[in-house]
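# Sharing a sequence plus its predicted fold:
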Amino acid sequence: MVQPSLWWRYYTEVIAKHTMTTGSYLVACPALDEREIVYGAERAADVCYSMHIESEGAYAFVEDWLGHTYMEYGDPC
């Protein structure tokens, strides 16, 4: 699992510099160390599932532009 301090550093250095707007979603898989901003809930679901499968069942999630968790695959622990 990613340490909160590392995630916060990544957020402040990378994600905050890329403005997320209405209709955008952050898709992430800590096991793969991949994050992607996509537009549309269906696209976010497809990318999240692909990350989950690619990581052999590891945790992957989607957050909306307000930071609310929209979808999760796998166990976050």
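Right, received. Where do you want to start?
# which secondary structure elements does the helix or strand containing residue 53 contact?
Using DSSP states H and E, residue 53 sits in helix 41-54. When contacts are defined as 3 or more CB pairs under 8 Å, 6 or more residues apart in numbering; DSSP states H and E, helix 41-54 packs onto strand 24-29, strand 34-39, strand 60-64, strand 69-73. Heads up, the C-betas are built off the backbone N, CA and C, glycines and all.
# Could you point out which residue ranges in this protein have low pLDDT?
1-18 (pLDDT under 70).
# Off-centre distance for the helix holding residue 53?
Remark: helix 41-54 is offset 10 Å from the chain centroid, using CA atoms, centre = their mean, to the nearest Å.
# mind listing what the nearest residue to residue 76 once chain neighbours are set aside touches?
Leaving aside its chain neighbours, residue 76 sits nearest to residue 59 (4.8 Å; criterion: CB to CB, 6 or more residues apart in numbering). Residues in contact with residue 59 (CB atoms under 8 Å, 6 or more residues apart in numbering) are 1, 29, 30, 31, 52, 72, 73, 74, 75, 76.
# Look up how far residue 40 lies from residue 59.
Relative to residue 40, residue 59 is positioned 22 Å away (CB to CB, to the nearest Å).
# picking that back up, save the contacts of residue 59 as CSV, and put in distance to residue 20 and neighbour count too.
Converted to CSV, the contacts of residue 59 look like this (distance: CB to CB, whole Å; neighbours: other CB atoms under 10 Å):
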residue, distance to residue 20, neighbour count
1, 23, 11
29, 18, 22
30, 19, 19
31, 23, 18
52, 21, 20
72, 18, 14
73, 21, 19
74, 23, 17
75, 26, 9
76, 21, 12
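# Same list, those residues, but as CSV with distance to residue 46 please.
Converted to CSV, those look like this (distance: CB to CB, whole Å):
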residue, distance to residue 46
1, 24
29, 13
30, 19
31, 18
52, 11
72, 15
73, 12
74, 16
75, 21
76, 20
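# Understood, closing this out.
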